[in-house]
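Peer 1: need a 3D model of the sequence below.
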Amino acid sequence: VIEVEDSGVGIPEEQLPQIFDKFFRADHGKESIKGVGLGLHLVKKIVDLHEGSITVRSQVGVSTTFILALPLRPAFD
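Peer 2: Sure thing, here's the model as predicted:
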């Protein structure tokens, strides 16, 4: 499990279900943050390919935390 937390603008709660959608950008702080909304979508796709999970919790004006869980696999012999 890996947790990544920032101290940025946060993501409004009503927008959290869309955060991993292709080309989605949260309305809050959109003017000051550049991007096209592909980063989190690609992260989710990679995590899914590895049979893991990624979740997010956020509070506007405080922080956002992403929790990434990947399964352990036996090492190659």
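Peer 1: can you get me a residue count around the nearest residue to residue 21 once chain neighbours are set aside?
Peer 2: Spatially, and ignoring its direct neighbours in sequence, residue 21 is nearest to residue 41 (6.5 Å; Cβ to Cβ, 6 or more residues apart in numbering). Bear in mind the C-beta positions are built from the backbone N, C-alpha and C, glycine included. Residue 41 has 16 neighbouring residues, counting by other Cβ atoms under 10 Å.
Peer 1: go on, the one 10 residues further on?
Peer 2: Neighbours of residue 51 under the rule other Cβ under 10 Å: 9.
Peer 1: likewise residue 26?
Peer 2: 21.
Peer 1: ok, it touching residue 11?
Peer 2: Yes: judged on Cβ atoms under 8 Å, residue 26 makes contact with residue 11 at a distance of 4.7 Å.
Peer 1: shared neighbours, those two?
Peer 2: residue 19 (Cβ atoms under 8 Å, 6 or more residues apart in numbering).
Peer 1: thinking again about what came up before, so the residue nearest to residue 21 belongs to a strand, correct?
Peer 2: No: the assignment for residue 41 (DSSP: H, G, I helix; E, B strand; the rest coil) gives helix, which keeps it out of a strand.
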